[in-house]
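Chemist: Give me the fold of what follows.
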Amino acid sequence: VLEAVGPAEVVQPFRQALKREQLLIFLSPSHLVTYSATSCASANIPPNATTVAFAYPTEGASQLSIDQRHCLDLLDGRQSFLVLGGFVYFDAEGKVTQINAMVRGHGLNFEGPFELPEVAVTQMHRSGRLHEVTSENIRQMGATKFAYLLPDDVFRLAKGLPYGGFAFVFPDSHCSCYFRICFPDGELTSTPLQLFAAQYSDVMHQHDLPKLPASTKRDRVAGSTAAYVDPAPHLTNALPSPDTLDVLPPLNQPTRSTEWAVKHSFDFLTHKWTSTQIPVLLDDASFQQGSMRMAFHMKDLSQPLGPKQDYVAKFSKWADEPAATYFADVEMQAIAAHMAQAYNRNDPPVSVEVVPAAVLQCPNRLHNGFPLLLNIEPYLCGSFRKSNNNYGWAAEDRNTPQAFSHFTYVFSNQLMVVVDIQGVCDKANNIDRYTDPQIHTRAQVPMESGSADLNEEGIEKFFETHQCNVICRALKLPALQHKPSDVGTAPRQRNQIKAVTPDPHFSKQLRQMCVQEQAKQLLGTAWRS
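Modeler: Now for the predicted structure:
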């Protein structure tokens, strides 16, 4: 959330007109700047911008009277930003590098309109994504609410959103629609911004827009009793079912209000949990779901303004999920992160990072009579993809994910293997960022790794299909099962790399972990088994 504080000649008239001391501006979740250099130049986007968020109009700006609006100069970017909103651009360090106000003119282009499904409107409403329309032209067309659409938003939309877009909601749901952003340099067919209002008026008469294809629920495959196998990407549909909405337990305070929560973080090296109270903003409706959990957008307002505030909160689909499971998932991710650091010490062609996870305890939201628990982790910007799952499937176009899984088996002295590798590839920094991995463990490993830990069966399934690649051989990992592959990039100074050996302290560190007791101590009377 931003607060407009100056200059006085700009903000003071707004404070007086709206009768508010604070002028609050809500930001959308940020995402990567995916436009080409030509598009950035045409849209006046700074060349050092790496991420962008949309700033909605000042809270209450829709209440300005016609006379008050006529006193404004909307060609002045400062005033236009407060009334119509704009884009906030951040550099690689998360610092604001430029703010572009929404004004009439060249630069931003749209394609559409396209039908906006009712389920998408309901999800946007429940998650606090809809804001009052403040553009007089668009309000005259009948639209009352709008939302900025991220490139990776999942709202059952017929057209993809490579550069984001805007959704507009009418009292008559048949008229609700969205436009996607495009650019005039050949990337997408474009509609100039000047024609936007005229094109948008056609929606009032377009009740015969094409219907969206019916979609299916995400498949769930049982590997064994009480164990779940995550399907390969081509077998799944990660969108929620159209006849169900996945929402969090309600907050006992106004919509979109900041709420205080307790963040429980784990350090693998010290085996210590620490607890910190932080202010957060949570979407109430999920933006995506898997076979076992739902994902919600979240902002950690204790972090500096920008992409560092953007998080994903994950909530179990099972109403009776034990509290210890949330803590065990964090410890499991910390173990994978520790092994990723060990992997990077071998100077691979692409480094690996497993993003840190934590448990969020929300005292103002009750679930089964106890404060709501969530797993949270930083939001990953970029093209999200899965490289292997927990039952032997593996994509064949990347070496790093498969070599990392193989490495974890050797490093842990064959006690476990990290699988279900998924995340984004940050090509600018030459690093893979992974999230939500699964660990298959030997029966003697003293750790809780969830129902998706298939133990020896899972380890065997990985090596049944694993094909050692040039990175595996450069690290001198023992070849298993299939004929090796020579495709891809090997580490530098290949002949100087020593063979990976098991960490003699690793099994001792695992024995020192006791998630059940530590979780009980942290939650106290809020503990549920």
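Chemist: Look up how far residue 417 lies from residue 453.
Modeler: The gap separating residue 453 from residue 417 is 11 Å, by Cβ to Cβ, to the nearest Å. Placement of C-beta: from N, CA and C, glycine included.
Chemist: Residue 89 too?
Modeler: As for residue 89, its distance to residue 417 is 41 Å (criterion: Cβ to Cβ).
Chemist: How about residue 274?
Modeler: Using Cβ to Cβ, which is the criterion applied here, residue 274 is 29 Å from residue 417.
Chemist: Specify which residue of the two has the higher count of neighbours.
Modeler: Between residue 274 and residue 417, counted using other Cβ atoms under 10 Å, residue 417 has the larger neighbour count: 26 against 12.
Chemist: ok so that one is a strand residue?
Modeler: Yes. With DSSP: H, G, I helix; E, B strand; the rest coil as the criterion, residue 417 is part of a strand.
Chemist: State the distance from it to residue 339.
Modeler: As it turns out, when the distance is counted by Cβ to Cβ, residue 417 lies 10 Å from residue 339.
Chemist: Can you work out which residues contact both of these two?
Modeler: Between them, residue 417 and residue 339 have residue 408 as joint contacts when contacts are counted by Cβ atoms under 8 Å, 6 or more residues apart in numbering.
Chemist: Can you tell me the SS state at the residue lying farthest from the centre of the chain?
Modeler: Largest separation from the mean C-alpha position in the chain: residue 67, at 41.7 Å (Cα atoms, centre = their mean). Secondary structure of residue 67, reduced to three states by three-state DSSP: helix.
Chemist: The protein: helices as residue ranges?
Modeler: With DSSP state H, the ranges of helices along the chain come out as 8-18, 37-42, 66-70, 77-84, 118-126, 136-140, 196-201, 323-344, 400-411, 455-465, 470-474, 506-511, 515-523.
Chemist: any idea of the mean pLDDT for the fourth one?
Modeler: Helix 77-84 comes out with an average pLDDT of 82.
Chemist: Okay, angle between it and helix 8-18 too, please.
Modeler: Here helix 77-84 runs at 20 degrees with respect to helix 8-18, directions being taken by axes from the mean of the first three to the mean of the last three Cα atoms, to 10 degrees.
Chemist: so where's the stretch 51-200 of the chain shaky on pLDDT?
Modeler: Counting by pLDDT under 70, the stretch 51-200 of the chain has low-confidence residues at 70-76, 104-108, 152-156, 158, 173, 183-200.
Chemist: Just the strands from it, written as ranges.
Modeler: In the stretch 51-200 of the chain, strands defined by DSSP state E, counting those that start in this stretch lie at 51-55, 86-90, 96-101, 109-115, 131-132, 145-149, 165-169, 177-182, 191-192, listed in chain order.
Chemist: give me every residue that touches the spatially most central residue of the chain.
Modeler: With the centre of the chain defined as its mean C-alpha position, the nearest residue by Cα atoms, centre = their mean is residue 379, 4.0 Å away. If a contact means Cβ under 8 Å, 6+ apart, then residue 379 has 29-30, 297, 307, 310-312 as its contacts.
Chemist: Show me which of these are buried.
Modeler: Judged by neighbour count, with 16 or more other Cβ atoms under 10 Å as the criterion, the buried members of the contacts of residue 379 are 29-30, 297, 307, 310-312.
Chemist: now the residues you listed in TSV, with pLDDT?
Modeler: Written out in TSV, the entries for the buried ones among the contacts of residue 379 read as follows (pLDDT from 0 to 100):
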residue	pLDDT
29	81
30	83
297	90
307	85
310	90
311	94
312	94
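Chemist: out of these, who's nearest residue 62?
Modeler: Comparing those against residue 62 with Cβ to Cβ places residue 29 closest, at 22.3 Å.
Chemist: who are the neighbours in contact with the residue nearest to the residue nearest to the centre of the chain when sequence neighbours are not counted?
Modeler: In space, and not counting its chain neighbours, residue 379 is closest to residue 310: 3.9 Å by Cβ to Cβ, 6 or more residues apart in numbering. For residue 310, the contact set (Cβ under 8 Å, 6+ apart) comprises 29-30, 297-299, 378-379, 381.
Chemist: Reformat those as TSV; add distance to residue 459.
Modeler: Putting the contacts of residue 310 into TSV (distance: Cβ to Cβ, whole Å) gives the following:
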residue	distance to residue 459
29	37
30	38
297	35
298	34
299	38
378	29
379	31
381	33
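Chemist: Of those residues, which is the nearest to residue 364?
Modeler: For residue 364, the closest of the contacts of residue 310 turns out to be residue 298, at 14.2 Å, with distances computed as Cβ to Cβ.
Chemist: Identify the bridge partners of the closest one.
Modeler: Each beta-bridge partner of residue 298 is listed here: residue 282, residue 311, as defined by DSSP bridges.
Chemist: Can you give me the pLDDT of it?
Modeler: We note a pLDDT of 91 for residue 298 in this prediction.
Chemist: Wait, it touches residue 287, no?
Modeler: No. The pair residue 298 and residue 287 fails to qualify as a contact (Cβ atoms under 8 Å) at a distance of 10.6 Å.
Chemist: one step back: let me have the buried ones among the contacts of residue 379 in TSV, extended by distance to residue 393.
Modeler: Supplementary listing: those in TSV, determined by distance: Cβ to Cβ, whole Å:
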residue	distance to residue 393
29	30
30	32
297	28
307	31
310	30
311	28
312	23
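Chemist: Just name the closest of these to residue 138, please.
Modeler: Using Cβ to Cβ, residue 29 is the member of the buried ones among the contacts of residue 379 that lies nearest residue 138, at 23.0 Å.
Chemist: measure the closest one to residue 356 for me?
Modeler: Going from residue 29 to residue 356 by Cβ to Cβ gives 19 Å.
Chemist: do the same with residue 33
Modeler: The spacing between residue 33 and residue 356, counted by Cβ to Cβ, is 25 Å.
Chemist: May I have the beta-bridge partners of residue 278?
Modeler: The residues paired with residue 278 through beta bridges, assigned by DSSP bridges, are residue 261.
Chemist: what about the helices of the chain, which gets the closest to residue 151?
Modeler: Between those, helix 37-42 lies closest to residue 151; by Cβ to Cβ that is 13.4 Å.
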